[in-house]
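Asker: Fold the following and give me the result.
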Amino acid sequence: MKIRSLLTVVAALSLLLFGVGTAHAVFGVADDVPARDVVIPVICGVDATNEINTNWAIADVLGAGVVDLNGFVAHALAHLHNVSSKHVHDYSYDWTPNDVVVDNCKALTAALSPAEKTDMTVTISGVDYYAGYVVVNQNNGPGPVFTTVLERFTAWVYLVDALKGFASGFNGLSMEFGTNDAANGGLREAFSIGGVSQAITAFTLYPRYFLNNDTALFPDTYNWWMVLLGRNQYNTLNVTSTRFLEGFICDEEENCQSTGIPIPVEFNVIDVGPILPGLPLHPAGFPKGGFALLNIVEHANGIIVGAFTIHGTRNVSTSLPLALTDWYSVFGWSYERAQATSVLASWDVIHPMFRTYCNVPNIPADPYITGIPCVVSVP
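Answerer: Residues are numbered from 1 along each chain as shown. Predicted coordinates:
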């Protein structure tokens, strides 16, 4: 076969195998593709002198489509939730074709009532922040309802503290088929295969940490592990629970020590420095670097079945009879920042957390995506 003919065959096979047009996510996997809805974790300083802020930009990448009388091609409501998944406030967004809508945490929270600001306030290592997440639902706004809702949004997120020399970015979460953000098993795509919900599951998370210098001398050197889950730990009539990241923290010299880190709410911001083990890890000085292997484990108690443990991001029925139901999503980021003697020498970075997925029936369809059964066990 001539080379040119071979290339023609390869090109034809590529079209058959992969197709053309809009990129689609692999089912049950966090994937960066245009989406109907997007989800954005947010955090910003409460005090005016604390200028850490979350900024975002959401683009309409389709352009073409039905345009209303005001020239808009898409509407959305941005639902602001606090870290415990309580709905706090709504904001409306509109896009003209190929438009970009920008917003930020400080601007959103400035418009809140005193009670709503209290709902959004968390304390991390003695410092107050507003924190939570935003769910941007397409075709749900003040304008007329469009008959067609398409995968048209891409979102870029920036965690900034500009006057101190810090700025990092990551992509907003793409909910390709729309968002189911209900309290029980939320932050899933509003889509199912064989009746199984589209959760972005995990059995284990693998976050990175790196502390460049002593936080006592450089207070703006710190690491955060930010973990956004599809629900809080259980606190119902029939089921109560405590949820942890359980596993090992390891330094870069193969020294590991067991740990258990509470993750009770939907958006958890963990200051890593205070929880790092001492000897034999990091026997002297700085920098301190390594990673963790952390299973999602929920120790629960039901009034009918007694004590049980959920391994991975599983849901149980909170009405009788108590039983495993479906799965919920989890997303994570490692935020590392190092303060130096000058703003120009300071740096920061954000890494999405690696994971081992749960094995979910029908999801993912890709046989090369490995997972572990996320199950329930009893003592």
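Asker: what about the strands in the stretch 51-200 of the chain?
Answerer: 53-60, 74-82, 87-95, 100-104, 121-124, 127-138, 153-161, 166-171, 173-175, 179-180, 188-193, 196-198 (DSSP state E, counting those that start in this stretch).
Asker: wait, the stretch 251-379 of the chain
Answerer: 256-262, 267-271, 288-302, 306-311, 314-316, 324-327, 330-338, 347-352, 354-358, 371-372, 376-377.
Asker: and among the ones you listed, the most buried is which?
Answerer: Neighbour counts (mean count of other Cβ atoms under 10 Å) averaged over each of the strands of the stretch 251-379 of the chain peak at strand 330-338, with a mean of 23. For the C-beta atoms, the positions are set from N, CA and C on the backbone; glycine is no exception.
Asker: Restricting to C-alpha, output it in PDB.
Answerer: Taking Å, rounded to 0.1, in the frame of the first residue of the first chain, the C-alpha atoms of strand 330-338 are listed here in PDB:
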ATOM      1  CA  VAL A 330     -16.100  15.100  44.400                       C
ATOM      2  CA  PHE A 331     -13.600  17.600  43.000                       C
ATOM      3  CA  GLY A 332     -10.300  18.700  44.600                       C
ATOM      4  CA  TRP A 333      -7.400  21.200  44.200                       C
ATOM      5  CA  SER A 334      -4.100  21.700  45.900                       C
ATOM      6  CA  TYR A 335      -3.200  25.300  46.300                       C
ATOM      7  CA  GLU A 336       0.500  26.000  47.100                       C
ATOM      8  CA  ARG A 337       1.800  29.500  47.700                       C
ATOM      9  CA  ALA A 338       5.200  30.700  48.900                       C
END
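Asker: circling back: redo the strands of the stretch 251-379 of the chain as a markdown table? Include distance to residue 167.
Answerer: Converted to a markdown table, the strands of the stretch 251-379 of the chain look like this (distance: least, Cβ to Cβ, whole Å):
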| stretch | distance to residue 167 |
| --- | --- |
| strand 256-262 | 27 |
| strand 267-271 | 18 |
| strand 288-302 | 22 |
| strand 306-311 | 38 |
| strand 314-316 | 37 |
| strand 324-327 | 35 |
| strand 330-338 | 10 |
| strand 347-352 | 7 |
| strand 354-358 | 24 |
| strand 371-372 | 35 |
| strand 376-377 | 43 |
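Asker: Mean pLDDT lowest where, among the ones you listed?
Answerer: Mean pLDDT is lowest for strand 371-372 among these, at a mean of 72.
Asker: what number of residues lie near the residue lying closest to residue 174 once chain neighbours are set aside?
Answerer: In this structure, residue 174 finds its nearest non-sequential neighbour in residue 35, 3.7 Å apart by Cβ to Cβ, 6 or more residues apart in numbering. Look at residue 35: counted by other Cβ atoms under 10 Å, it has 28 neighbours.
Asker: ditto for residue 111
Answerer: What residue 111 shows, counting by other Cβ under 10 Å, is a neighbour count of 11.
Asker: Then residue 238?
Answerer: Residues near residue 238, counting by other Cβ under 10 Å: 17.
Asker: Please verify my assumption that it contacts residue 302.
Answerer: Yes. Using Cβ atoms under 8 Å, residue 238 is in contact with residue 302, at 5.9 Å.
Asker: what's the overlap in contacts for these two?
Answerer: residue 322 (Cβ atoms under 8 Å, 6 or more residues apart in numbering).
Asker: Work out which residue lies at the spatial centre of the chain.
Answerer: residue 331 (3.4 Å; Cα atoms, centre = their mean).
Asker: Wait, it touches residue 31, no?
Answerer: No. With contacts counted by Cβ under 8 Å, residue 331 stays clear of residue 31, the gap being 11.8 Å.
Asker: sorry, back to before: how much space separates the residue nearest to residue 174 from residue 55?
Answerer: Distance, residue 35 to residue 55, by Cβ to Cβ, to the nearest Å: 19 Å.
Asker: Residue 268 now?
Answerer: From residue 268 to residue 55 the distance is 22 Å (Cβ to Cβ).
Asker: thinking again about what came up before, most neighbours per residue, which of the strands of the stretch 51-200 of the chain?
Answerer: Buried most deeply of the strands of the stretch 51-200 of the chain, by mean count of other Cβ under 10 Å, is strand 173-175, with a mean of 25.
Asker: What count of nearby residues applies to residue 32?
Answerer: Residue 32, neighbours per other Cβ under 10 Å, totals 15.
Asker: can you offset everything so residue one is 814?
Answerer: Sure, I'll start numbering at 814, so the last one becomes residue 845.
Asker: Need phi/psi at it.
Answerer: phi -90, psi 90 (degrees, to the nearest 10).
Asker: ok, it - contacts?
Answerer: 967, 984, 987.
Asker: okay, those in CSV with pLDDT next?
Answerer: Shown next, in CSV, are the contacts of residue 845 (pLDDT from 0 to 100):
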residue, pLDDT
967, 97
984, 97
987, 92
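Asker: My guess is residue 980 contacts residue 868. True?
Answerer: No. The criterion here is Cβ under 8 Å, and residue 980 misses it with residue 868 at 9.2 Å.
Asker: between those two, what contacts are shared?
Answerer: What both residue 980 and residue 868 touch, as defined by Cβ under 8 Å, 6+ apart, is the set 971, 973.
Asker: can you tell which of the strands of the stretch 1064-1192 of the chain is closest to residue 930?
Answerer: strand 1080-1084 (16.4 Å; Cβ to Cβ).
Asker: Kindly export the closest one (C-alpha atoms) in CSV.
Answerer: Extracted C-alpha coordinates of strand 1080-1084, given in CSV (Å, rounded to 0.1, in the frame of the first residue of the first chain):
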residue,chain,number,x,y,z
PHE,A,1080,-16.8,22.7,50.3
ASN,A,1081,-13.8,22.0,52.6
VAL,A,1082,-10.8,24.2,52.7
ILE,A,1083,-8.0,22.5,54.7
ASP,A,1084,-4.9,24.4,55.8
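Asker: For that strand, which strands pair with it and how are they oriented?
Answerer: strand 1035-1042 (antiparallel) (DSSP bridges).
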